[in-house]
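J.: Predicted model follows, preceded by the sequence.
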Protein chains: 2
Amino acid sequence: MLDERKAAILRAVVEEYIETAQPVGSSHVASAPGVDVSSATVRNEMAGLEAEGYLRQPHTSAGRVPTEKGYRFFVDNLRPPTTLGDRSQSQVREFFDKAHGEVEEMLAQTSRLLSNLTKLTSVVVAPEPAEATVRSVQVVSISTTHAVVVAVLSDGSVEKHTFELPGEAGDEHVNTASAHLARHLTGVRRDQVGNVPQTGNAPTDAVSRRAVEALVSRRTAEPDQVYVGGTAHMAQAFDALETVREVLAVLEQQYVVVSLLRDVINRGLDVAIGTETGMPPLSECSLVVAPYEIDGERAGTIGVLGPTRMNYPQALAAVAVVSDRLSNRLTEG
Amino acid sequence: MLDERKAAILRAVVEEYIETAQPVGSSHVASAPGVDVSSATVRNEMAGLEAEGYLRQPHTSAGRVPTEKGYRFFVDNLRPPTTLGDRSQSQVREFFDKAHGEVEEMLAQTSRLLSNLTKLTSVVVAPEPAEATVRSVQVVSISTTHAVVVAVLSDGSVEKHTFELPGEAGDEHVNTASAHLARHLTGVRRDQVGNVPQTGNAPTDAVSRRAVEALVSRRTAEPDQVYVGGTAHMAQAFDALETVREVLAVLEQQYVVVSLLRDVINRGLDVAIGTETGMPPLSECSLVVAPYEIDGERAGTIGVLGPTRMNYPQALAAVAVVSDRLSNRLTEG
DNA sequence: CATTAGCACTCGGTAGACTCGACTGCTATC
DNA sequence: GATAGCAGTCGAGTCTACCGAGTGCTAATG
């Protein structure tokens, strides 16, 4: 653990560096509020902080820059109790006041809100519908060869899947299958949808079977939906095009993004700094996440991704307040 | 119009520049196939081409670079009848052979395919469902206060909208409204969905009215879905971060992207070069587009976006073949 | 008369030398 | 223990010289 003075110096370095993106020297730190010693003393202490791995010198005659360990200490121990600025506050309020429409749209817009607030890339993972039950199932033929099975879930989400009709099935079989499925699947939990009893009528049963298969396969195949916004901010965060490219490439792989967020949440973290993300291309990025809830149950995750030298207090505050409001909104809606 | 020799020289410049991204000098051109004159002659001709606006010299002692007009001439008159390479050919074939599942997924994957083929950013605009008719409508309550209206269309797409139930409506009203709507809306064209006759039962009619409103509002509010892929390639296409940032910012605005593609198509173009896109942030980009069809009707658009010095023949070939295959696939599926 | 060889010229890019200044670490002092 | 002062380091910026790719022009050529 660091003594109080070292901590104050570390904090000053981190805050200054976050703001300017330039290595910060001892004299800057000495004149920072909370540090009431001379630059010489600061130099001594900074040398100590460097030896302990909290700071790093890009070159011999430059100022110091925080290491991952330095950021980590800052986030864990020095984070000032930040709230959002008034302008942002009202932006959030306004957003959730006028937010309406389907969940999907709201999540997409939430992602936009987050990147506007933080000037970072934002990520919103849609809720997993594990707990929902089936409210309605219907099979509708859309041509002589194909049909759609549509399920409405208790959380208001709708799933659909197209499948090929068995050759012998006509409209009447589709309709009886539809009724049959409605009878047997309504009220069943989404993750327990499985085979239904046979009716004895071969074509009808064939249709039913395919419809159920479609629902089940969709469940396992489909990755969680994820909304990424503000990727343009990434191009400003780094000055190496290669870094930008790598990060964008990661963000395009929805599956990777989802499991990244899930992983961080599962480790009980709200911030993953640099290599803590576990993804080499993101070693110069940090991720700030927060889960959101529906009816008190963890539903999905929101987060922002930016350079390691991002403004953690602001990002944490933004993510926290948005996840909170989003939870409320989704719970009541 | 350009005489044959000038055209050959312009072609050589464009092709060389596309490949190397470096200004090309007279000696390079002189040794290019199809140009059998000395570098001195080439110099004379290039001076002419520059005077006519087809070429441009970045600085006095550098080679020449094509202007927009130069690219335009190349695309219109010099484009070699390119086909995709074998590797790409089989990649496309393989993709469409194993492509399956919902249209949405397929479009998303098509976007990925396109950017893999071209190493450019790709854009896929989903079909507009204007011509579709309603195959089925259903209203399902998901809580005591809210219900979902779900419509299955003849093209296999499904639309849903959540709405608040009128206070006096109970499950029985929802069910009768559901049946009522099914009776009156099935077979109606999507864009002609409107009010249905009253039943005389007030709560039922209230539910019906809100459900119809929801469907109608959704139709007008929702912009066309668009899938953007390969944004990471943008970071390689330019060496100015600012340019990358601007382009990414444009790509995040789905509405803008959709209308951009539509606009280019409507002008009868398959390539928009630089400022021809009509969007200042894209003045260093070119866009190659092709419409795709379902049952012989124009349905949506695919395209790729890259730097003006992109490989037009390759991009045109890729976009053409993918739109063709996609049309087939969507028509039969 | 179109083409070409040759030549003088231009100018961007690179490498080296130099300076400047923002740092540091160390030491002597309070 | 804290600080003032000082010598030392090294990146960044500036300047110069130079190289070379590429041009435009002119004179020679078939």
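T.: Arrived safely, thanks for sending.
J.: Contacts for the host helix or strand of residue A:314 next, please.
T.: In this structure, residue A:314 sits in helix A:312-332 according to DSSP states H and E. For helix A:312-332, the surrounding residues in contact (CB atoms under 8 Å, 6 or more residues apart in numbering or on different chains) are A:18, A:71, A:74-75, A:79-80, A:82-84, A:88-89, A:92, A:96, A:99, A:103, A:106, A:110, A:113-114, A:117-118, A:120, A:127, A:270-271, A:286, A:288-296, A:299, A:302-304, A:306. The C-beta positions use only the backbone N, C-alpha and C, and glycine is treated the same way.
J.: These in helices, which ones?
T.: Judged by DSSP state H, helices contain the following of the contacts of helix A:312-332: A:18, A:71, A:88-89, A:92, A:96, A:103, A:106, A:110, A:113-114, A:117-118.
J.: buried subset of the residues you listed?
T.: Buried subset of those (neighbour count, 16 or more other CB atoms under 10 Å in any protein chain shown): A:18, A:71, A:88, A:92, A:96, A:103, A:106, A:110, A:113, A:114, A:117, A:118.
J.: tally of neighbours for the residue nearest to residue A:281 when sequence neighbours are not counted?
T.: What sits nearest to residue A:281 in space, not counting adjacent residues and going by CB to CB, 6 or more residues apart in numbering or on different chains, is residue A:246, at 4.0 Å. Residues lying near residue A:246 (other CB atoms under 10 Å in any protein chain shown) number 21.
J.: who's in contact with the one residue in the stretch 201-333 of chain A that gets nearest to DNA strand C?
T.: DNA strand C sits closest to residue A:309 of the stretch 201-333 of chain A, with a gap of 15.8 Å, by CB to the nearest atom of the strand. Contact analysis of residue A:309 by CB under 8 Å, 6+ apart lists A:17, A:18, A:21, A:66.
J.: if we go to 6 Å?
T.: Applying CB atoms under 6 Å, 6 or more residues apart in numbering or on different chains, we find residue A:309 in contact with A:17, A:18.
J.: Check whether it sits in a helix, strand or coil.
T.: Assigned with DSSP: H, G, I helix; E, B strand; the rest coil, residue A:309 falls in the coil class.
J.: now do residue A:215
T.: helix.
J.: Identify, from the ones in helices among the contacts of helix A:312-332, the entry nearest to residue A:140.
T.: residue A:103 (23.1 Å; CB to CB).
J.: thinking again about what came up before, my read is the residue nearest to residue A:281 is in a strand, agree?
T.: No: under the criterion used here (three-state DSSP), residue A:246 is helix, not part of a strand.
J.: Surely it touches residue A:280?
T.: No: with contact defined as CB atoms under 6 Å, residue A:246 does not count as touching residue A:280 (8.5 Å).
J.: got the residues of the stretch 1-150 of chain A near DNA strand D?
T.: A:5, A:36, A:37, A:38, A:40, A:41, A:43, A:44, A:59, A:60, A:61, A:62 (CB under 7 Å from any atom of the strand).
J.: got a markdown table for these, with pLDDT and secondary structure too?
T.: Formatted as a markdown table, those follow (pLDDT from 0 to 100; DSSP: H, G, I helix; E, B strand; the rest coil):
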| residue | pLDDT | secondary structure |
| --- | --- | --- |
| A:5 | 92 | helix |
| A:36 | 90 | coil |
| A:37 | 92 | coil |
| A:38 | 92 | coil |
| A:40 | 93 | helix |
| A:41 | 95 | helix |
| A:43 | 95 | helix |
| A:44 | 95 | helix |
| A:59 | 89 | coil |
| A:60 | 87 | coil |
| A:61 | 85 | coil |
| A:62 | 88 | coil |
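J.: Let me have these in CSV, extended by distance to residue B:175 and neighbour count.
T.: Shown next, in CSV, are those (distance: CB to CB, whole Å; neighbours: other CB atoms under 10 Å in any protein chain shown):
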residue, distance to residue B:175, neighbour count
A:5, 72, 15
A:36, 74, 10
A:37, 77, 14
A:38, 80, 12
A:40, 82, 11
A:41, 79, 16
A:43, 78, 16
A:44, 79, 13
A:59, 75, 7
A:60, 79, 5
A:61, 79, 8
A:62, 73, 12
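J.: hang on, the earlier thing: quick check: buried residues in the helix holding residue A:314?
T.: Here helix A:312-332 shows A:312-323, A:325-327, A:329-330 as buried, counting by 16+ other CB under 10 Å.
J.: for the record, mean pLDDT for it?
T.: For helix A:312-332, mean pLDDT rounds to 94.
J.: Equivalent analysis for stretch A:273-287, please.
T.: Here the average pLDDT along stretch A:273-287 is 97.
J.: Okay, now the unreliable bits of the stretch 101-250 of chain A?
T.: For the stretch 101-250 of chain A, the stretches flagged by pLDDT under 70 are A:130, A:221.
J.: Let me see the contact set for residue A:125.
T.: Counting by CB under 6 Å, 6+ apart, residue A:125 has contacts A:224, A:226, A:258, A:261, A:300, A:301.
J.: switch to 10 Å and redo it
T.: Residue A:125 sits next to A:107, A:111, A:223-227, A:254, A:257-262, A:265, A:289, A:291-292, A:299-303 when contact means CB atoms under 10 Å, 6 or more residues apart in numbering or on different chains.
J.: Greatest separation within the residues of the stretch 1-150 of chain A next to DNA strand D: which pair is it?
T.: For those, and using CB to CB, no pair is farther apart than A:36 and A:59, which are 28.8 Å apart.
J.: can you give me the strands in the stretch 51-200 of chain A?
T.: Using DSSP state E, counting those that start in this stretch, the strands found in the stretch 51-200 of chain A span residues A:55-56, A:65-66, A:121-125, A:134-141, A:146-153, A:158-164.
J.: deepest of these, which one?
T.: Mean neighbours per residue, mean count of other CB atoms under 10 Å in any protein chain shown, is largest over the strands of the stretch 51-200 of chain A for strand A:121-125, with a mean of 27.
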